[in-house]
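Okay, structure incoming, though there's no sequence with it:
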RNA sequence: GCCCCGGUAGCUCAGUUGGAUAGAGCAGCGGCCUUCUAAGCCGCGGGUCGGGGGUUCAAUUCCUCCCCGGGGCGCCA
């Protein structure tokens, strides 16, 4: 619909230019949905853009543009010049007929496009290291990445969802040591450092308490789940626990396995499914990390200083140089990260999107510069950054501390509010802003109060109406029989306009990597539909008037169509009754 | 000190890539109503878009300088 009008306007502008002996190009004018209904269905700014070029007032140009446009082969009912020189355009009523038919015909595909043309996109997200349960930050990132992936799929891209984790470095070693220490504490062969010691100075860290050695690392993992893992370690690796190296290693492997199992279960609860899991260790074993270092050395992008190997990032236009291999001989995380990103390109992705928390944002340019130096098209990597999540209850912020492991986990929150509410809340704000997760609202099952239920209930209501219709023996219309002519009330036109907007909303959300638009859109539809259904005094869907009833049932199905598709993109269920 | 993100109605936030009189949901006020599933429906009030300067037909949107809040600035990940 919009495309046709766009074409008609293009020719109209061409005509106006030709008449003025201007052979230049038609400017990229905007065709937008006005905020106000009395500004028409579409508004075009072409006349204003031409004002300077033609040396005439924009309103005069708009006159000629309107004349050239005419009725655009029956598409346009009328047009008006308004404001500084806008051309406001009203489409003929026949468009609603076409819209309803399209929505009913396409069903679950309404709003989808072939924009991506099968190009391959990788979305890397969550990527939490298996050192403990997923936090709300991971949860937000999970939903963000997953909904973005769904949007890209709906736009015709071939998407790979990928999870990458570091299991080769210090972090995992500390995890193993934490488990081993707890196991030996349980056996009475080591002393547990008292909690307040973690607050004290590093130098005060005890080596021995009451004759027992303190094995728990100063920066160890304090969460309660470590004790559970320790029990498992005692049962399975009791024989090697006393050996620091062997025991620590066995505990690390055991912890990674168990924790990763838990993470997968959590992802399952969020309804997030990855196609590929990658990890740092594999990159080492396949020699990919070593290869990167070698290639960087050959191309003169690294140098040695202070016993370490540095990436010459300043030569690539960045703030400072970065260490790739520490003087201890151990690589920093940046080196395997470069290897991993080079692999992404080797695997043939046209586009790579890294979903990362705000704490990683500074690192991103170094990864891009590094793989760029390796000859990869780094401009194809995108960063989708997200800020942190805070919990609010009763207007007060719920205190969380990762260090003390006193944080609410994804599992706990889902157990509390359910998957659908969890997902909706995590996606409803734009990613780069802070997300305030209001528990009072999220825990409410009142459909009017909780936006996730507002949307789902709006969908359920379309089924409620259909059930009612079936009871009364009223047939539901289909794509062929649907009739829009009876839909004339302002609130009905508003709903139809909203339904018509859906494909543009999806396209924009996908292109701009802003999934929250879909959540807002769903709320808007529900915000129109719920009052429409509820206001029985002015109108009812099911009435004595058979033709009117049929038209309104068509509207019901169209609204259901966009709600169901929006919910699917958000990864929420679309219940038929609640 | 430097970098990134935010600052829009009492609160939580949108704002279609620079457009017309800046919106939604809650909260507040007034009037109706008794449900195609759950108290709903209609209307009203409410704003120096953090502040100054600039760019142009047009700035909440782009540039610049300040203010406030959050995050980051390791041979940690």
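Yep, it's here. Just so we're clear, the structure is a prediction, and the values are computed from it rather than from any experiment.

Run the chain-centre distance for the helix or strand bottoming out on mean pLDDT in chain A.
Ranked by mean pLDDT, DSSP states H and E, the weakest helix or strand in chain A is strand A:396-398, scoring a mean of 80. Centre-to-centre, strand A:396-398 and its host chain are 25 Å apart (Cα atoms, centre = their mean, to the nearest Å).

again, but for stretch A:194-206
40 Å.

Let me know whether that stretch sits next to RNA strand B.
No. Taking Cβ under 7 Å from any atom of the strand as the criterion, stretch A:194-206 and RNA strand B are apart, separated by no less than 10.9 Å. (Each C-beta comes from the backbone N, C-alpha and C, glycine too.)

Now residue A:77: phi and psi?
When quoted as degrees, to the nearest 10, the phi and psi of residue A:77 stand at phi -80, psi -50.

List the residues that contact it.
Residue A:77 sits next to A:71, A:90, A:91, A:92, A:93 when contact means Cβ atoms under 8 Å, 6 or more residues apart in numbering.

just checking, residue A:523 touches residue A:453?
No. At 11.2 Å, residue A:523 and residue A:453 do not qualify as touching, with contact defined as Cβ atoms under 8 Å.

The two - which one has more neighbours?
residue A:453 (22 against 18; other Cβ atoms under 10 Å).

helix, strand or coil for the more buried one?
Under DSSP: H, G, I helix; E, B strand; the rest coil, the three-state class of residue A:453 is helix.

pLDDT score assigned to the nearest residue to it once chain neighbours are set aside?
Excluding the flanking residues, the one nearest residue A:453 by Cβ to Cβ, 6 or more residues apart in numbering is residue A:447, at 4.1 Å. Predicted confidence (pLDDT) at residue A:447: the value is 88.

Now the stretch 301-450 of chain A against RNA strand B: closest residue?
Proximity of the stretch 301-450 of chain A to RNA strand B (Cβ to the nearest atom of the strand) peaks at residue A:306, 2.8 Å away.

tell me which element residue A:66 is part of?
helix A:58-69 (DSSP states H and E).

Alongside RNA strand B, which residues does the stretch 151-300 of chain A contribute?
Residues of the stretch 151-300 of chain A lying near RNA strand B (Cβ under 7 Å from any atom of the strand): A:166, A:169, A:170, A:171.

residues touching the last one, list them.
This points to residue A:171. A:129, A:131.

Over to it. Which of the three states is it?
helix.

go on, the one 5 residues further on?
Here residue A:176 takes the helix state, with states given by three-state DSSP.

what's the neighbour count on residue A:41?
The tally of other residues near residue A:41 (other Cβ under 10 Å) stands at 21.

can you map out the helices along the stretch 401-550 of chain A?
A:410-417, A:419-427, A:439-442, A:451-471, A:490-511, A:516-534, A:546-570 (DSSP state H, counting those that start in this stretch).

which one of those has the lowest average pLDDT?
The bottom spot among these, by mean pLDDT, belongs to helix A:439-442, with a mean of 88.

Following the record's annotation, map out the domains of chain A.
A:2-91, A:97-113+A:446-570, A:121-165+A:272-386, A:170-269 (automatic domain parsing).

and residue A:492, how many residues sit next to it?
Neighbours around residue A:492, by other Cβ under 10 Å: 19.

quick one: contacts for it?
Residue A:492 neighbours (Cβ under 8 Å, 6+ apart): A:532, A:552, A:555.

Show me where the stretch 301-450 of chain A dips below the pLDDT cut-off.
Confidence mapping of the stretch 301-450 of chain A against pLDDT under 70 gives the ranges A:401-405.

Skipping its backbone neighbours, what lies nearest the single nearest residue of the stretch 101-250 of chain A relative to RNA strand B in space?
As assessed by Cβ to the nearest atom of the strand, RNA strand B sits closest to residue A:166 within the stretch 101-250 of chain A, at 3.1 Å. Nearest residue to residue A:166, sequence neighbours excluded (Cβ to Cβ, 6+ apart): residue A:280, at 4.6 Å.

and residue A:351, how far is that from residue A:121?
Per Cβ to Cβ, to the nearest Å, residue A:351 is found 4 Å from residue A:121.

Mind listing the shared neighbours of these two?
residue A:157.

quick one: which of these two has more around it?
A direct count of neighbours by other Cβ under 10 Å for residue A:351 and residue A:121 places residue A:121 higher, at 22 against 17.

is it possible to export the helices of the stretch 401-550 of chain A to CSV including distance to RNA strand B?
As requested, the helices of the stretch 401-550 of chain A are exported to CSV (distance: least, Cβ to the nearest atom of the strand, whole Å):
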stretch, distance to RNA strand B
helix A:410-417, 16
helix A:419-427, 10
helix A:439-442, 8
helix A:451-471, 3
helix A:490-511, 6
helix A:516-534, 4
helix A:546-570, 7
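
Quickly compare those helices and say which is most buried.
helix A:419-427 (a mean of 25; mean count of other Cβ atoms under 10 Å).

what does that helix contact?
By Cβ under 8 Å, 6+ apart, helix A:419-427 touches A:139-140, A:142-144, A:147, A:269-271, A:389, A:410, A:413-414, A:417, A:435, A:437-438, A:442, A:450-453, A:455-456, A:515-516, A:518-519, A:570-573.

and the longest helix belonging to chain A, what does it pack onto?
The residue-count maximum for a helix in chain A (DSSP state H) belongs to helix A:244-270. With contacts taken as 3 or more Cβ pairs under 8 Å, 6 or more residues apart in numbering; DSSP states H and E, helix A:244-270 sits against helix A:136-154, helix A:170-186, helix A:225-237, helix A:410-417, helix A:419-427.
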